[in-house]
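Undergrad: Starting from these lines, generate the structure:
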Amino acid sequence: MNIFVILKRTFDTEEKITISNGKVNEDGAEFIINPYDEYAVEEAITLRDAHGGEVTVITVGEEESEKELRTALAIGADKAVLINNEDVEDFDQFSTSSILAAYLKEKEVDIILAGNVAVDNGSGQVGPRLAEELGIPALTTITKLTVDGGKATVERDIEGDVEVVEVSLPLLVTCQQGLNEPRYPSLPGIMKAKKKPLEKLDLDDIDLDEDDVEAKTKTVEQFLPPEKEAGKILEGEMEKQVQELVSLLRNEAKVM
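TA: A predicted model of the protein is given here:
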């Protein structure tokens, strides 16, 4: 089974994000594998162990992304691919999916796994866009995946309920919390990862140039949410508290 996992390098979710000149300040920030992509890596390894084949992790990014790919290799992936996008000035989800599609269209694909969303922008677009470009089915927010021959049975989260879908391979799925419990890299895994293949490609290597993947969208501004104001504690008789609460909701909160 040929299994591919799409990874993204994102800020550590424990990091304190700061904005400088309308952009996220990356100086001194710690980066990790996008947390939702960890579920994709774990599920890919589980599928490989059950059905055979190999797991290839792919990311579109700059040289720094090699660290996250090596982490995925240490967890248990077999191969990694880094497609460099540093020459692309304007970059968005269209750009990423176009680059991935150009690479994957020449491969024999059984299943592609990705995170449901990236924690940095949360658009959830890359997986479905990629499936559309490759002409294969896509199922999002999955919480269970079973493969039997050329078919897969998928359970997906639909806002408090579960939908069960049977679909033929090849297939792209995006992974949600609850699908599995991602493992950590072991010391032997870290040592083995140093010898596993990590291919580095430029756009020329997949017959693309910068104009082919120019962004379709533009980020106008980035800003942090306003700080929450201190709450108020109402005291006194219940009747007076109710009257004061109604007054605050009407005059200050403007919700009545």
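Undergrad: Put the alpha carbons of the helix or strand hosting Ser247 into CSV.
TA: Assigned by DSSP states H and E, Ser247 belongs to helix 238-251. The C-alpha coordinates for helix 238-251 follow below in CSV (Å, rounded to 0.1, in the frame of the first residue of the first chain):
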residue,chain,number,x,y,z
MET,A,238,-31.4,39.0,44.1
GLU,A,239,-34.0,41.4,42.7
LYS,A,240,-31.5,44.3,42.6
GLN,A,241,-28.9,41.9,41.0
VAL,A,242,-31.3,41.0,38.3
GLN,A,243,-32.1,44.6,37.6
GLU,A,244,-28.4,45.5,37.5
LEU,A,245,-27.7,42.6,35.2
VAL,A,246,-30.4,43.6,32.8
SER,A,247,-29.1,47.2,32.8
LEU,A,248,-25.5,46.0,32.1
LEU,A,249,-26.6,43.7,29.3
ARG,A,250,-28.6,46.5,27.7
ASN,A,251,-26.3,49.5,28.2
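Undergrad: other SSEs contacting the longest helix along the chain?
TA: Ordering each helix of the chain by length in residues (DSSP state H) puts helix 35-51 first. Secondary-structure packing of helix 35-51 (3 or more CB pairs under 8 Å, 6 or more residues apart in numbering; DSSP states H and E): strand 2-7, strand 54-61, helix 66-75, strand 111-115, strand 138-148, strand 171-175. The C-beta positions use only the backbone N, C-alpha and C, and glycine is treated the same way.
Undergrad: Now do the contacts for Glu235.
TA: With contact taken as CB atoms under 8 Å, 6 or more residues apart in numbering, Glu235 is in contact with Gln241.
Undergrad: Can you tell me what sits against the least confident helix or strand in the chain by mean pLDDT?
TA: Within the chain, confidence by mean pLDDT, DSSP states H and E is lowest for strand 23-24 among all helices and strands, at a mean of 75. By CB under 8 Å, 6+ apart, the residues outside strand 23-24 that reach it are 11, 17-18, 120, 222.
Undergrad: about what we covered before: buried deepest among the helices and strands packed on helix 35-51, which one?
TA: strand 111-115 (a mean of 27; mean count of other CB atoms under 10 Å).
Undergrad: which of the residues in whatever helix or strand comes next after it are buried?
TA: Of the helices and strands lying after strand 111-115 in sequence (DSSP H and E), the nearest is helix 126-134. Of all the residues in helix 126-134, those buried under the rule 16 or more other CB atoms under 10 Å are 126-131, 133-134.
Undergrad: hmm, back to that, chain center to the least confident helix or strand of the chain: distance?
TA: 19 Å (CA atoms, centre = their mean, to the nearest Å).
Undergrad: re earlier: and the buried residues of helix 126-134 as CSV, adding pLDDT?
TA: Shown next, in CSV, are the buried residues of helix 126-134 (pLDDT from 0 to 100):
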residue, pLDDT
Val126, 94
Gly127, 94
Pro128, 95
Arg129, 95
Leu130, 96
Ala131, 96
Glu133, 95
Leu134, 96
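Undergrad: Out of the contacts of strand 23-24, who's the most crowded?
TA: Neighbour tally across the contacts of strand 23-24 (other CB atoms under 10 Å): the maximum, 18 neighbours, falls on Phe11.
Undergrad: ok, now how distant is it from Asp157?
TA: 25 Å (CB to CB, to the nearest Å).
Undergrad: Make a markdown table from the helices and strands packed on helix 35-51 and add distance to Ala101 and mean pLDDT to it.
TA: A markdown table is the format used below for the helices and strands packed on helix 35-51 (distance: least, CB to CB, whole Å; pLDDT from 0 to 100):
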| stretch | distance to Ala101 | mean pLDDT |
| --- | --- | --- |
| strand 2-7 | 11 | 97 |
| strand 54-61 | 11 | 96 |
| helix 66-75 | 19 | 96 |
| strand 111-115 | 11 | 97 |
| strand 138-148 | 13 | 95 |
| strand 171-175 | 11 | 96 |
